[in-house]
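Q: Below is the sequence, then the predicted model.
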Amino acid sequence: MNIKELNKKKTPIVTMDESLKKFKKQPLFQDKVDKANEILRKVGLPKSKKQYS
Amino acid sequence: MKLPKYPLKAEKSLMVFEFTSDGPKGQIRKLVKYSETNLKDMYNLAFGDRDEESGEIDDKSISNNGDSDMVLATVVSTVYAFTERYPDSWVFATGSPKARTRLYRRGLTKYLLEIRRDFQVFGLIDDEWEPFEKDVNYEAFLVKRK
């Protein structure tokens, strides 16, 4: 698949790189995760999932 | 989105992705991470620059590498990959600094029709989620695969 075909796809082709696994356990972007948790605790999910489908 | 995107790498759970921005300021490695939150099936999406020397990730830098559309298209493509692997997941994103939030909003606005074909898209304003509309200064965004 060339770069033109690759760019037309919505779901990307992803090369596996297990060296990235170390970032999975690291608390990266923790301030954003904390902020997300705070917002979600306060407002939860959108009220009606069906309403917006 | 049918836009130029950077090639992606990921570890096998597809919760951490990496790509390299290439522009006037050189090559900048970007890391995208989906983190679990306190709500089941809810993941926080964040991305930042990976410093080659220190190995640290900076999610507040504005690279100005002249490729923000391509960077955003690449980040959105990770949402496609992630939600294909985890179809019940919700993806939450908020920007920091505010310029990042504006970048998200601009990208969502620009490609809203296309994104809406595949995702429910919400914006947070005044502590309420509402279906995403153009030209609204949302505090956070939430998407779910249709």
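A: All right, it came through fine.

Q: going forward, measure contacts and count neighbours with C-alpha atoms only.
A: OK.

Q: beta partners for the nearest residue to residue A:28 once chain neighbours are set aside?
A: Nearest non-adjacent residue to residue A:28, counting by Cα to Cα, 6 or more residues apart in numbering or on different chains: residue B:57, 7.4 Å away. Per DSSP bridges, the residues bridged to residue B:57 are residue B:50.

Q: My read is that residue B:57 contacts residue B:48, right?
A: Yes - between residue B:57 and residue B:48 there is a contact under Cα atoms under 8 Å: 6.0 Å.

Q: Overlap in contacts, these two.
A: Listed as contacting both residue B:57 and residue B:48 by Cα atoms under 8 Å, 6 or more residues apart in numbering or on different chains are residue B:31.

Q: and the two? which has more neighbours close in?
A: residue B:48 (22 against 19; other Cα atoms under 10 Å in any protein chain shown).

Q: quick one: secondary structure of that one?
A: Classification of residue B:48 by DSSP: H, G, I helix; E, B strand; the rest coil places it in strand.

Q: ok, now residue B:34?
A: Per three-state DSSP, residue B:34 ends up strand.

Q: which residues in chain A form strands?
A: With DSSP state E as the definition, chain A shows strands at residue ranges A:14-16.

Q: Mind pulling the model confidence for the residue most central in space within it?
A: Centroid-nearest residue in chain A: residue A:33, 11.7 Å away (criterion: Cα atoms, centre = their mean). Per-residue pLDDT puts residue A:33 at 94.

Q: quick one: which helix or strand includes the nearest residue to it once chain neighbours are set aside?
A: Nearest non-adjacent residue to residue A:33, counting by Cα to Cα, 6+ apart: residue B:44, 6.1 Å away. Using DSSP states H and E, the element containing residue B:44 is strand B:42-50.
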